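Novice: structure, please.
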Amino acid sequence: MGNFKRIFRTTWLPALLLALVSALCYQATANVLILTIVSLLSVIAYVLFVSYVFFMLGRHRLEGVIPVPARWVTKPDGRSLARTVAVTFVWLIAVMVVFIPCGFAIGFGAARQSMITLGLGLLLVVVMMILLLPLTYPTMRYATTQDAPLFNLMGSGYRQGLRYWGYIFAVLFVTGILVSLILAVTMLPAIILLTANIKAQAGAAMGDPLGMPSYMDWLSFLVFTLSGFIQAYILIASFMPLYYMAGSIEQQEIQRNETTKNTLH
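Specialist: Just a heads-up that it's a prediction; the model follows:
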């Protein structure tokens, strides 16, 4: 919060873009083609926004402070954007490797009505999700460090993260609870509008009058945009514990290596 002005000045434009595209996703639910296009734009906007966050954290790592940008409109950093895209693809491949076979196992068990196969499939999902947790550490280190190589994500960086699995789980668990509580409050107006629209559309499908004012679409767009803008900064807040967690693990690894060298000598 002490650096909020600097954070806001750096990220307000990509945060606004992400909020606008997210609101458009809600407005485009009636058309599958438009929804697909807007969803793709949402992914692009999300990656762009996260690249700004990683750039900001990378500068903090080098200089010890979050720098004040020279202008209110800042261009995306090419290196941070490329690293964010690389991290996105690594996580996408990892998730696909985890959930595609698990999905087949669960589907096979459901089709055969085999509780054993279904249970094994669900257990496999849990195990694979547990194995994905250590990837959080090398992801944060790679995205915020200029000299960190990409192949370390699934190499030594992952092994180091696996060594601190309990610490990573604790940080993610506490952060997840806090973020969920804050999101539950900030998303309340959008949830109320969404529920009202769903009920109105369900009633209209049964022959009842729509009963919604003509300005509801514009009001919904405005509410979802404001909600999305606030959620963008909640997302930034959730990155901070992970950033310091990665720094803590890195320092512990340095001390561990020094202790090992001293013991050998």
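
Novice: please make it C-alpha for all contacts and neighbour counts, starting now.
Specialist: Noted.

Novice: next one: phi and psi at the closest residue to Arg83 other than its chain neighbours?
Specialist: Nearest in space to Arg83, with sequence neighbours left out and distances taken as Cα to Cα, 6 or more residues apart in numbering, is Ala143 at 5.8 Å. Taking degrees, to the nearest 10, you get phi -70, psi -20 for the backbone angles of Ala143.

Novice: from Ala246, how far off is Ala143?
Specialist: When distance is defined by Cα to Cα, to the nearest Å, Ala143 is 11 Å away from Ala246.

Novice: who's more crowded, the two?
Specialist: For Ala143 and Ala246, the more surrounded residue by other Cα atoms under 10 Å is Ala143, and the numbers stand at 29 against 21.

Novice: distance of the more buried one from Arg59?
Specialist: Ala143 sits at a distance of 11 Å from Arg59 (criterion: Cα to Cα).

Novice: with Arg163 instead?
Specialist: According to Cα to Cα, Arg163 and Arg59 sit 27 Å apart.

Novice: out of these two, which sits in the more crowded spot?
Specialist: Arg59 (17 against 14).

Novice: let me see the contact set for the more buried one.
Specialist: Arg59 is in contact with Val65, Ile66, Pro67, Thr144, counting by Cα atoms under 8 Å, 6 or more residues apart in numbering.

Novice: ok, which pair from those residues is furthest apart?
Specialist: By the measure Cα to Cα, these have their two most distant members at Pro67 and Thr144, which lie 14.6 Å apart.

Novice: comparing those two, which shows the higher neighbour count?
Specialist: Neighbour count, other Cα under 10 Å: between Pro67 and Thr144, Thr144 has more, with 26 against 15.

Novice: which SS class is the residue nearest the centre of the chain?
Specialist: Geometric centre of the chain, nearest residue: Leu235, 7.2 Å, by Cα atoms, centre = their mean. State at Leu235, reduced to three classes by DSSP: H, G, I helix; E, B strand; the rest coil: helix.
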